[in-house]
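Visitor: pasting the sequence and the predicted model now:
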Amino acid sequence: MQQNKMSLFGFLVFFAYLAIASSLVEVEDNDLRNKQAGMQLNLYHVTGLDSSLKSTSPFSFSDMFIKDEERVRSLHSRLVNHSDTTASSDKVEGPKLVNTPLKSGLSIGSGNYYAKMGIGTPAKYFSMLVDTGSSLSWLQCQPCVIYCHAQVDPVFNPSTSKTYKTFPCSSSQCSSLKGSTLNAPTCSSGSGACVYKASYGDTSFSLGYLSQDVLTLSPSETLSSFVFGCGQDNQGLFGKSAGILGLANDKLSMFAQVSSKHGYAFSYCLPTSFSAPNSSNKGFLSIGSSSITSTSSYKFTPLVKNPMLPTLYGLDLTAITVGGKPLGLAASSYKVPTIIDSGTVITRLPMPVYTALKNSFVRIMSKKYAQAPGISILDTCFKGNVKEMSEVPEIQMIFGGGADLPLKAHNTLIELDKGVTCLAIAGSSENNPIAIIGNYQQQTFKVAYDVANSKIGFAAGGCQ
């Protein structure tokens, strides 16, 4: 969910089924392993934890798919038409007077992943959505002048931190907000504090004061001058998290701020909610140069920067095979803006590519499994239990430079209803030709972001 980034079906058991569901990066000091040029945090799927992040509210796959589609449209809009959507930075009386719609948030589960980070002195820990598409990190703050959605942790109280401060409008950090959030900053006429607005494609948003405090990942790992947003009006699809933890390629992101110490690289492995072959339900998030040197099996592809939005991580998708056979498309069919994004759940492909993939996949699967009606944006479905489907063709995504993602059944199929399993890939609309590698297809792979050397790598083998 980059800045500018819940039913017709009664699926009540969200966390029992959703392999694309929320996960938790739980930072415990005995789990944090500092390395020569980086650090590593253990990552657990929320279903494996005794965590209050589990929602007791009914969750709808259909609603989640709708929100995912809205995100895709927003990403496409920003990639092809990077325009300023805000008014000028006139003086305002703090965030409470900024003209934004008021609506109730829905305290339900999220399709993203969670990290645990500490803020303030003394440190208080908060569960944050980890997002490679977001730059500015923010969390909900008292006194919640307008609105704070329900969260599992107590809301951060800046007055209890000895090291908290806000940035004035004249600061360079305030001037950087427009590039990071695509929204021009405003200024509090009373205090002169810088006011940020982070808005997302699914109509979610956060509004508050640009702030600085100590970031604590463990008692032995801190960042004394962490820049983040202290949200006073936060509404939308954030589940019960406290806010967003940005990993985008931007100087205000959490990744960039921590990397100034450890090196400009990070890697992760997103676990599934069920045991996939040769994997576990435990993953990791690792920040620093050593995070990409510990695994020699990475296959790298050049990082492609889109000049319209250089903070996103772009890729060059060159071909796709199904069951070892190419789709038979011209190379030009793949030449659309392509990014990898932890905040998008379902992979999107340009419609000609998706149609060819779908036809090839159905041709093989229908020999053994009967087709079923589509569900929401997923129109390629079969009758059967995903765990019992033994003859599923591998889908291989091939990228420039020879890197590839060989997708097995646990990356391509999802059981949305009892006995109905669908291909977890969708086509982007003809009006939005874009490709996005979503978090479902990334699960159980080690994904390396070598930003310093402008390349992204993939390694199979699970989240050991």
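Guide: Alright, I've got the coordinates. Numbering: from 1, shown residues only.

Visitor: where does the chain dip in pLDDT?
Guide: Scanning the chain with the threshold set as pLDDT under 70 gives 1-71, 73-111, 201-202, 273-282, 294-295, 430-432, 462, 464.

Visitor: domain parsing for it?
Guide: By the assignment in automatic domain parsing, the chain contains the domains 14-268, 296-459.

Visitor: pull up the distance across the last one, start to finish.
Guide: Yep, that's domain 296-459 we're talking about. By C-alpha to C-alpha, to the nearest Å, the extent of domain 296-459 from end to end equals 9 Å.

Visitor: picking that back up, looking at the domains of the chain, which is nearest to residue 285?
Guide: domain 14-268 (4.6 Å; C-beta to C-beta). (C-beta placed from N, C-alpha, C; glycine too.)

Visitor: state the distance from the most centrally placed residue in the chain to residue 246.
Guide: Geometric centre of the chain, nearest residue: residue 343, 2.4 Å, by C-alpha atoms, centre = their mean. Residue 343 sits 10 Å away from residue 246, going by C-beta to C-beta, to the nearest Å.

Visitor: overlap of the contact sets of the two?
Guide: 131, 134 (C-beta atoms under 8 Å, 6 or more residues apart in numbering).

Visitor: the domains of the chain: which one's closest to residue 283?
Guide: Closest of these to residue 283 is domain 14-268, at 3.5 Å (criterion: C-beta to C-beta).

Visitor: only the buried residues of stretch 203-222, if you could.
Guide: Buried residues in stretch 203-222, counted by 16 or more other C-beta atoms under 10 Å: 204-218, 221.

Visitor: likewise stretch 180-199?
Guide: Buried residues in stretch 180-199, counted by 16+ other C-beta under 10 Å: 180-188, 193-199.

Visitor: re earlier: secondary structure class for the residue nearest to the centre of the chain?
Guide: coil (DSSP: H, G, I helix; E, B strand; the rest coil).

Visitor: I figured it hits residue 112, correct?
Guide: Yes - in this structure residue 343 lies within contact range of residue 112 using C-beta atoms under 8 Å: 5.8 Å.

Visitor: what's the distance between the spatially closest residue to residue 315 that is not a sequence neighbour and residue 159?
Guide: Leaving aside its chain neighbours, residue 315 sits nearest to residue 338 (4.9 Å; criterion: C-beta to C-beta, 6 or more residues apart in numbering). Here the criterion is C-beta to C-beta. By it, residue 338 lies 45 Å from residue 159.

Visitor: repeat for residue 382
Guide: Counting by C-beta to C-beta, the gap from residue 382 to residue 159 is 56 Å.

Visitor: with residue 344 instead?
Guide: With distances taken as C-beta to C-beta, residue 344 is found 37 Å from residue 159.

Visitor: which of the two has more residues huddled nearby?
Guide: residue 344 (29 against 8; other C-beta atoms under 10 Å).

Visitor: can you give me phi and psi for the more buried one?
Guide: phi -100, psi 130 (degrees, to the nearest 10).

Visitor: same check on residue 139?
Guide: phi -140, psi 160.

Visitor: count the residues that sit near the nearest residue to it once chain neighbours are set aside.
Guide: Nearest residue to residue 139, sequence neighbours excluded (C-beta to C-beta, 6+ apart): residue 243, at 3.5 Å. Using other C-beta under 10 Å, residue 243 has 31 neighbouring residues.

Visitor: pretty sure residue 243 is touching residue 140, no?
Guide: Yes - Residue 243 lies in contact with residue 140 (C-beta under 8 Å); the separation is 6.0 Å.

Visitor: list the residues that contact both of these two?
Guide: Common neighbours of residue 243 and residue 140 (C-beta under 8 Å, 6+ apart) are 206, 231, 234.

Visitor: just send these back as a markdown table, with secondary structure too.
Guide: Formatted as a markdown table, the shared contacts of residue 243 and residue 140 follow (three-state DSSP):
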| residue | secondary structure |
| --- | --- |
| 206 | strand |
| 231 | strand |
| 234 | strand |
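
Visitor: nearest to residue 398, of these?
Guide: Looking across those and measuring by C-beta to C-beta, the closest to residue 398 is residue 206, at 37.7 Å.

Visitor: and the closest one, how far from residue 234?
Guide: 5 Å.

Visitor: please apply the same query to residue 215.
Guide: 19 Å.

Visitor: hmm, residue 139 is touching residue 228, no?
Guide: Yes - counting by C-beta under 8 Å, residue 139 does reach residue 228; the two are 6.9 Å apart.

Visitor: spit out the residues that contact the two alike.
Guide: residue 119.

Visitor: residue 371: neighbour count?
Guide: Residue 371 has 12 neighbouring residues, counting by other C-beta under 10 Å.

Visitor: contacting residues for it?
Guide: 362, 381, 382, 383.

Visitor: try 7 Å
Guide: Contacts for residue 371 were tallied using C-beta atoms under 7 Å, 6 or more residues apart in numbering; they are 362, 381, 382.

Visitor: same question, residue 340
Guide: 313, 315, 437, 456.

Visitor: bridging across strands, which residues link to it?
Guide: Residue 340 has these beta-bridge partners by DSSP bridges: residue 437.

Visitor: now swap in residue 398 and tell me
Guide: Residues in beta-bridge contact with residue 398 (DSSP bridges): residue 319, residue 404.

Visitor: surely it touches residue 315?
Guide: No - contact criterion C-beta atoms under 7 Å: residue 398 and residue 315 do not qualify, at 10.7 Å.

Visitor: pick out whichever of those two has more residues nearby.
Guide: residue 315 (22 against 19).

Visitor: and residue 389, what does it touch?
Guide: 369, 409, 413, 421.

Visitor: filter the residues you listed down to just the ones in helices.
Guide: residue 409 (DSSP state H).

Visitor: top of the contacts of residue 389 by number of neighbours, please.
Guide: Using other C-beta under 10 Å as the neighbour criterion, residue 421 leads the contacts of residue 389 with 28 neighbours.

Visitor: one step back: which of the contacts of residue 371 lies closest to residue 287?
Guide: residue 381 (38.6 Å).

Visitor: beta partners for the closest one?
Guide: According to DSSP bridges, beta-bridge pairing links residue 381 with residue 372, residue 422.

Visitor: which one of the contacts of residue 389 is nearest residue 288?
Guide: residue 409 (33.3 Å).

Visitor: how far away is the closest one from residue 313?
Guide: 26 Å.
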